[in-house]
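**Q** I'd like to go over a predicted model; first the sequence, then the structure.
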Amino acid sequence: MAKLKRAWSLALGAALVFVLAFAAYWPVLRGGFIWDDFLLVQQNPLVTGKLGLGTIWFRTDFPLSNILFWGEWRHWGDHPAGYHLVNVLLHAANGVLLWRVLERLKIPAGWLAAALFVVHPVCVASAAWVSEQKNTLSLCFYLLSLLAYLSHETARGQGRTGQGAGWYVLSLGAFVLALFSKTTTVMLPVVLLACAWGQRGRLKLGDVLRTTPFFALALGFGLMSVWFQVSGAMAGATVQTESWWGRLAGAGMALWFYLGKALLPSNLCMIYPRWQIAAAAPVSYLPLPLWCALLGWSWWYRRGWGRHALFALGCFTFTLFPVLGFFDFFYLALSRVSDHLAYLPLTALLPLLAAGLWRGLSGKALWYVGGVLVAGLCVLSAQRAAVFATEEVLWTDTLARNPNAWCAHANLGWMLAAQQKYDEARGHLEASLALKPDNAQAHSNLGRVLSLQGKAEEAEAHFQAALRIKPNDADIRKTYASALAEQGKRAEAANQLREALRLRPETEARVELATLLHQGGRLGEAAAEYRQVLAVKPDQPEALNNLAWLLATGSDATMRDGAEAVKLAERVCRLSGYKDAQALGTLAAAYAEAGRFSEAVSAAQQAIELAKAGGDSRLAAVSRQLLVRFAAGKAYHEAPAVAPRPGAD
């Protein structure tokens, strides 16, 4: 009966944790993708399937998180609601696991610590941001590993050696999965030793030996992550200029910052102002000695209340260590601190707060105060989650709190440009460049905005600046090519696209290059590019349609081939279920070139009807003109100047 009652209370508590999670995060469930989500999900070839699933393990330092994204892409595609749902569920599960770990450690008020964690506003930057599913997934395995290790210790202490060995293997395996999800979990072995000390007041040689495999894994994955950051994410960029002493000073400031946000989560920001560290000023080093004094004070009283404080603050410090600035990673170029970096460390600090309330309050007072605190934090988290629901709100909120966030200016500027608010976009992009003149992407985006405004000379200067900073950036060259093409500079645009393809071969850019070559009268080169696309993707609709049109209507008679044009056009029509007006227009031209005029007339009539139904009066008019020719038994051929094909802009 007692076991049944306990199981019921655990189930009820877990359900309450999940209810709290959804109460705090309901605004983001209707939200979209933000910031890195587009790169990590929508544009990630590892996720969308453009690269094989096996390559995920060799192209990133968080492959398991990418596999989760890959699975979600199969279910949700580019609909963000599913990703947000999974992230919130993982966050709630982490709250339940934290509760179970604290119970195993016999830390009081574990239920309150779990509730505080689930609704804490600092966690919003992880649980409401799809990109940081890395955080929620890795913490899930981290806590499972910790829980299994504690079960192993209990079984070993009770003489159940075989069962203890099973728990140990499970703990080690979960740790590997945590590291494959995100390597900020590398400090788990230190936390395991801290747990052993916290429970017994001392460490034994056996504790060290049992954690040695964990330390070996942590070292290997840590080195791998550093290598990935240096060779991939940072790609030669300098994210910190401080000496070792300057980084030491910054680490002390960061520790107090994270403690402050954990205790008073107000004025949260996506990108906090980046502190300037005066390495020559003695006051810059004061935060770190003060932090050490706090730990020393807790050590002095370790036989009483200080033991819990030292355990919690020590674990908080250890788990923050990888992100304190001693090791370079890309985010440090934006700010020295971030809410998403505190997600795992909060699991060490919030139990101390809950235990302190338990010690200072009794009975109903604890429930009342705890309930009010949880409810208040839940409201704050819901408000913060609403900020993460849309990118425009996120960057507007960021700039309101940190006007010097050059990245926020750049992102908001490009969003406004997509909304055709070009003057506002220019203002933000220029502000971004004033703060960070070497931001190649902002130069490129500003060049694109200026080009759309018809300011070609000003645009050219920014495109050239972008290429000086990042000459090997394929995206910048593609953007530059689009601007050049709109100015009628097809040859220059083609050169930029060729260079972009050399840097990063991709189908869309090759189709765009082929179209430019076709428009410029370089039919042989255009056909060769289309054939390259079809060699990789035989059912690429645009390449099929455009090559069929070129072979049916090209101004060079030696290149025309009606039979092949018909085959290509029929294939693209089958792909669309004969419901695409432009493809049917191409099929009509191909039939005419092959001398099959009755079929050409029929296809042209279908094209006219579909164009009219779709509201495309221009395509309908062009198709009527072609219909007249085909009815008269004449094929259509482009003039040497290259007339636009039906539907082309």
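**A** Noted; the coordinates are in hand.
**Q** now stretch 191-211, how far from the centre of its chain.
**A** Mean-position distance between stretch 191-211 and its chain equals 37 Å (CA atoms, centre = their mean, to the nearest Å).
**Q** what's next to that stretch, contact-wise?
**A** 105-106, 146, 149-150, 153, 168, 189, 214, 302, 307-308, 311, 314-315, 318-319, 348 (CB atoms under 8 Å, 6 or more residues apart in numbering). Bear in mind the C-beta positions are built from the backbone N, C-alpha and C, glycine included.
**Q** Could you tell me which residues within stretch 388-404 count as buried?
**A** Within stretch 388-404, the residues that qualify as buried by neighbour count (16 or more other CB atoms under 10 Å) are Phe388, Ala389, Thr390, Glu391, Leu394, Trp395, Asp397, Thr398, Leu399, Asn402.
**Q** So which of the contacts of stretch 191-211 sit within helices?
**A** Among these, the residues falling in helices (DSSP state H) are 146, 149-150, 153, 168, 189, 214, 307-308, 311, 314-315, 318-319, 348.
**Q** Can you tell me which of these are classed as buried?
**A** With neighbours counted by 16+ other CB under 10 Å, the ones in helices among the contacts of stretch 191-211 contain buried members at 146, 149-150, 153, 168, 189, 214, 307-308, 311, 314-315, 318-319, 348.
**Q** would JSON lines of the buried residues of stretch 388-404 with pLDDT and distance to Asn411 be doable?
**A** Formatted as JSON lines, the buried residues of stretch 388-404 follow (pLDDT from 0 to 100; distance: CB to CB, whole Å):
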{"residue": "Phe388", "pLDDT": "93", "distance to Asn411": "14"}
{"residue": "Ala389", "pLDDT": "91", "distance to Asn411": "16"}
{"residue": "Thr390", "pLDDT": "91", "distance to Asn411": "12"}
{"residue": "Glu391", "pLDDT": "91", "distance to Asn411": "7"}
{"residue": "Leu394", "pLDDT": "94", "distance to Asn411": "9"}
{"residue": "Trp395", "pLDDT": "94", "distance to Asn411": "5"}
{"residue": "Asp397", "pLDDT": "94", "distance to Asn411": "12"}
{"residue": "Thr398", "pLDDT": "95", "distance to Asn411": "9"}
{"residue": "Leu399", "pLDDT": "95", "distance to Asn411": "10"}
{"residue": "Asn402", "pLDDT": "94", "distance to Asn411": "13"}
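**Q** Can you pick out the most distant pair from those?
**A** Pairwise distances across the buried residues of stretch 388-404 (CB to CB) peak at 19.6 Å, for the pair Ala389 and Asn402.
**Q** Break the protein down into its domains, please.
**A** As recorded under automatic domain parsing, the domains making up the chain are 13-391, 569-649.
**Q** Return the set of buried residues in the helix or strand hosting Leu568.
**A** Counting by DSSP states H and E, the secondary-structure element that holds Leu568 is helix 562-575. Within helix 562-575, the residues that count as buried by 16+ other CB under 10 Å are Gly562, Glu564, Ala565, Val566, Leu568, Ala569, Glu570, Arg571, Val572, Cys573.
**Q** these two touch, right, Val96 and Ala113?
**A** No. If you go by CB atoms under 8 Å, Val96 and Ala113 don't touch, sitting 11.8 Å apart.
**Q** if you count what's nearby, which of the two comes out ahead?
**A** Taking other CB atoms under 10 Å, Val96 and Ala113 do not tie; Ala113 has more neighbours (29 against 21).
**Q** contacting residues for the more buried one?
**A** The contact partners of Ala113, by CB under 8 Å, 6+ apart, come to Leu98, Trp99, Leu102, Ile107, Leu350, Pro351, Leu353, Ala354, Ala355.
**Q** rerun that using 10 Å as the cut-off
**A** Contact analysis of Ala113 by CB atoms under 10 Å, 6 or more residues apart in numbering lists 95, 98-99, 101-102, 107, 312, 346-347, 349-355, 357-358, 370.
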